[in-house]
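Peer 1: sequence-free structure coming up:
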């Protein structure tokens, strides 16, 4: 079990990663809360309520369910949850435990941060994306119309408890989608983590909690390190947006239906890697791309010699080894380009790209012509249209 | 012009009270905002847009209108405003100027605090309630169902600019309703302020900006002093809830339609004063109450000798001198009592009353039997039913 301290303006909180993390809640329960609520989704709660109750000591907590899916990340749903909490007697000294994936964490964090102007909450993420990324760092959000995360707050939880065993009940696709965020973290961190991921990717499956614990702990460390240096996203924290500029546009244009968030980030990583190569930030060898890169799954699980591959090529190989991505052939480059400036990191309409320079180093670049981004998207479509996507 | 520094965890901001306060905005405009928006209501904007633009230098700001009335303090309206801001290109470096009364300030502050997780805002209150109370202190809120201010944030503005000249266009009733909050501040502050208010009340009319400036400045000082000692309402700030426990219940039971907020506070002050007397916290002389107290308007504008009156009696007289209040005879004591625990200051269902002990001193008291509060409400109804309300 690894334990990190996340620093915030409002005080520190622990992020605990590992089998048994839920037990940390026992230390909180006696802090005089007037009532404790669990916000969760039906499917995950049905599977884990008993274990969670036993290990956390929260068997008596009241449960508020939200419908699963991105549509629940709305102000209307936040209002419904707040109304339900009020009806059930939640007051300013109540605790809200957020047991679920990104939707529960983002929506529930927003509700906690605004209900009676803020009540305590604990993040108990149950997906890979939640555990390594969204539950750590205190960002909460709901969507407005097609604009993802337009409305939200910075609001630190009391603790983040990430137990990899809960990932055992995830479907394969949603599990894998989280690994794209892990790849992002590895690119930001450097070659040691990236190489470990190349080595261990084949053993990262939902049921393999001990193996997951190591990788997840390292991924959370990357996030915590960035957040500790920049809670409010003034500049450094923007590096976490790697792969998300294209990714968010892709989610928005497909109405958040075709791609899971992590899958959109997967495409975003591929696109921004191409963009970095095209603009000369990332040295590209004339390695064969497209189908050849996609077919790397024969290497799965076996250590690779990376010496003869460019960093861009290694990123592509790792992304494709995770599995197939839903196709992008119907997503025109024109549409994608139009939505890029909607990214919240844009200021004055100017996009601030997070560009990989090498594994372990990114750079924020503004002023890249949209035509370059458009050309990259077309290239990505051509590379993958030959494949069976 | 008086200038106060409001201290917050996130840094200080100035609250400026006086004729010409809007000019302070000129110092902000050059701070590199990508765009500036004014959130306001049609009626007040039609009247003041030109003066405000000229004095603040913000003639070119884009304007977003919200419908007037408490109904706009909703998450649905917050969502609409956020969507409009997005469409008009607002990003994280945009500034939102909140030009209006409590609805614009509370709703707009909430939007500013959550749009892209927080953009800068400036409060330019245009009502008495806004200037002396709601715009200072960084509390933002929207209502959920019948529950006022259930959802909100603590979010300091960049500045608060209260120019009393803008009150000149207020209708008499809405102007007077703000004076009940001024009475509340005077009770909290002490006899010097209270006596000044007794002396000057008759000259406090919308068009008398110079006279208003003095009283408003003193009232804002009370608020700033409390907030500076307790930004987050942990305990001290609760004193500002004086008159609001009954007041909020009264607003809720009448669907926020019959009483302006200040008027409900007026009733709340009368009720809690009776409660304090009944429980022995506030020494009561056997002075005639009811109609006699209501008829004090013949004293208006003339200094009073307060030596022969109890503090409770003085509070009652001052409240009734402001003007008539919409009647409460149809608001049953049973209903009021049922809604009292909805007050956000309640914890574990227990109401924390702010009880006046004398002018200049209040005490937080929990555990008062609801039967006492109910009896007080009935007494208040009887006192005033004989009058022509």
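Peer 2: Good, I have the coordinates. The model shown is predicted, which means the values in this text are computed figures rather than measured ones. Residues are numbered from 1 along each chain as shown, chains lettered A, B, ... in the order given.
Peer 1: beyond the lowest-mean-pLDDT helix or strand in chain A, next helix or strand please.
Peer 2: Across the helices and strands of chain A, mean pLDDT, DSSP states H and E gives its lowest value to helix A:291-294, namely a mean of 42. As assigned by DSSP states H and E, the chain's next helix or strand after helix A:291-294 is helix A:311-322.
Peer 1: elements contacting the helix or strand just after that following helix?
Peer 2: Downstream of helix A:311-322, the first helix or strand assigned by DSSP H and E is helix A:333-339. Applying 3 or more CB pairs under 8 Å, 6 or more residues apart in numbering or on different chains; DSSP states H and E, we find helix A:333-339 packed against helix A:244-253, helix A:370-385. From N, CA and C alone the C-beta is placed, and that goes for glycine too.
Peer 1: now do the first one against helix A:370-385, angle only.
Peer 2: For helix A:244-253 against helix A:370-385, the angle between stretch directions is 70 degrees (axes from the mean of the first three to the mean of the last three CA atoms, to 10 degrees).
Peer 1: quick check, distance from the helix or strand following helix A:244-253 to the centre of its chain.
Peer 2: Per DSSP H and E, helix A:244-253 leads on to helix A:261-278 as the next helix or strand towards the C-terminus. Centre-to-centre, helix A:261-278 and its host chain are 15 Å apart (CA atoms, centre = their mean, to the nearest Å).
Peer 1: what packs against helix A:261-278?
Peer 2: Judged by 3+ CB pairs under 8 Å, 6+ apart, helix A:261-278 is in contact with helix A:128-129, helix A:172-189, helix A:244-253, helix A:311-322, strand A:352-358, helix A:370-385.
Peer 1: so which of the ones you listed is nearest residue B:13?
Peer 2: Among the helices and strands packed on helix A:261-278, the nearest to residue B:13 by CB to CB is strand A:352-358 (27.7 Å).
Peer 1: who touches that closest one?
Peer 2: If you take CB atoms under 8 Å, 6 or more residues apart in numbering or on different chains as the criterion, strand A:352-358 is touched by A:187, A:238-239, A:241-245, A:272-273, A:275-276, A:279, A:281-283, A:311-312, A:315, A:345-346, A:362-366, A:368.
Peer 1: that strand: which residues count as buried?
Peer 2: Buried residues in strand A:352-358, counted by 16 or more other CB atoms under 10 Å in any protein chain shown: A:352-356, A:358.
Peer 1: with stretch A:228-247 instead?
Peer 2: Here stretch A:228-247 shows A:228, A:231, A:233, A:237-247 as buried, counting by 16+ other CB under 10 Å.
Peer 1: what's the closest of those residues to chain B?
Peer 2: residue A:233 (7.7 Å; CB to the nearest CB).
Peer 1: low-confidence ranges in the stretch 251-389 of chain A?
Peer 2: Scanning the stretch 251-389 of chain A for pLDDT under 70 picks out A:284-307, A:342-348, A:386-389.
Peer 1: average pLDDT across stretch A:35-54?
Peer 2: Stretch A:35-54 comes out with an average pLDDT of 97.
Peer 1: can you put the helices and strands packed on helix A:333-339 in CSV and add distance to chain B?
Peer 2: Conversion of the helices and strands packed on helix A:333-339 to CSV gives the following (distance: least, CB to the nearest CB, whole Å):
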stretch, distance to chain B
helix A:244-253, 12
helix A:370-385, 16
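Peer 1: out of those, indicate the one that is most buried.
Peer 2: helix A:244-253 (a mean of 25; mean count of other CB atoms under 10 Å in any protein chain shown).
Peer 1: what packs against it?
Peer 2: Right, helix A:244-253 is packed against strand A:147-154, helix A:261-278, helix A:333-339, strand A:352-358 by 3+ CB pairs under 8 Å, 6+ apart.
Peer 1: quick one: strands adjacent to the last one?
Peer 2: Read that as strand A:352-358. strand A:361-366 (antiparallel) (DSSP bridges).
Peer 1: the partner strand versus helix A:172-189: what angle between them?
Peer 2: Using the same axes, to 10 degrees: strand A:361-366 against helix A:172-189 is 90 degrees.
Peer 1: list the contacts of strand A:361-366.
Peer 2: A:187-188, A:190, A:235, A:238-239, A:242, A:279, A:281, A:350-357.
Peer 1: let's see it at 10 Å
Peer 2: A:184, A:187-188, A:190, A:235-236, A:238-242, A:272, A:275-276, A:279, A:281-282, A:311, A:345-348, A:350-357 (CB atoms under 10 Å, 6 or more residues apart in numbering or on different chains).
Peer 1: next, the distance between the ends of stretch A:1-21.
Peer 2: 7 Å (CA to CA, to the nearest Å).
Peer 1: and it, anywhere near chain B?
Peer 2: Yes - counting by CB under 10 Å from any CB of the partner chain, chain B has neighbours in stretch A:1-21: A:9-10.
Peer 1: can you tell me the helix or strand for the closest residue to residue A:121 other than its chain neighbours?
Peer 2: Distances taken as CB to CB, 6 or more residues apart in numbering or on different chains put residue A:112 closest to residue A:121, at 3.6 Å, once the chain neighbours are dropped. Using DSSP H and E, residue A:112 sits within helix A:102-114.
Peer 1: so which elements touch whichever helix or strand comes after that helix?
Peer 2: Using DSSP H and E, the helix or strand that follows helix A:102-114 in sequence is strand A:120-125. Here strand A:120-125 touches strand A:13-17, strand A:35-40, helix A:42-56, strand A:94-100, helix A:102-114, strand A:159-162, going by 3 or more CB pairs under 10 Å, 6 or more residues apart in numbering or on different chains; DSSP states H and E.
Peer 1: now do strand A:120-125: distance to the chain's middle.
Peer 2: 16 Å.
Peer 1: and it, which strands flank it?
Peer 2: By DSSP bridges, strand A:120-125 pairs with strand A:94-100 (parallel), strand A:159-162 (parallel).
Peer 1: relative to residue A:39, which of those is closest?
Peer 2: So among the strands paired with strand A:120-125, strand A:94-100 is nearest, using CB to CB, at 5.3 Å.
Peer 1: average pLDDT for the closest one?
Peer 2: 97.
Peer 1: how far off helix A:102-114 does it point, in degrees?
Peer 2: Using the same axes, to 10 degrees: strand A:94-100 against helix A:102-114 is 160 degrees.
Peer 1: what comes up buried for stretch A:325-342?
Peer 2: A:325, A:328, A:331, A:333, A:336-337, A:339-342.
Peer 1: the residue nearest to residue A:121 against residue A:140, yeah?
Peer 2: Yes - counting by CB atoms under 10 Å, residue A:112 touches residue A:140, with 7.6 Å between them.
Peer 1: need the residues touching each of those two.
Peer 2: In contact with both residue A:112 and residue A:140: A:98, A:121, A:123, A:153, A:155, A:157, using CB under 10 Å, 6+ apart.
Peer 1: just send these back as TSV, with neighbour count too.
Peer 2: Output for those, formatted as TSV (neighbours: other CB atoms under 10 Å in any protein chain shown):
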residue	neighbour count
A:98	29
A:121	27
A:123	30
A:153	21
A:155	19
A:157	29
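Peer 1: pick the one among these closest to chain B.
Peer 2: residue A:153 (5.9 Å).
Peer 1: which ones are touching that closest one?
Peer 2: Contacts of residue A:153 (CB under 10 Å, 6+ apart): A:109-110, A:112-114, A:118, A:138-142, B:113-114, B:117-118, B:153, B:155.
Peer 1: again, only this time at 6 Å
Peer 2: A:113, A:140, B:114, B:117 (CB atoms under 6 Å, 6 or more residues apart in numbering or on different chains).
Peer 1: residues of chain A that sit close to chain B?
Peer 2: Residues of chain A lying close to chain B by CB under 6 Å from any CB of the partner chain are A:34, A:75, A:79, A:82-83, A:86, A:91, A:93, A:114, A:116-117, A:144-145, A:147, A:150-154, A:344, A:347-348.
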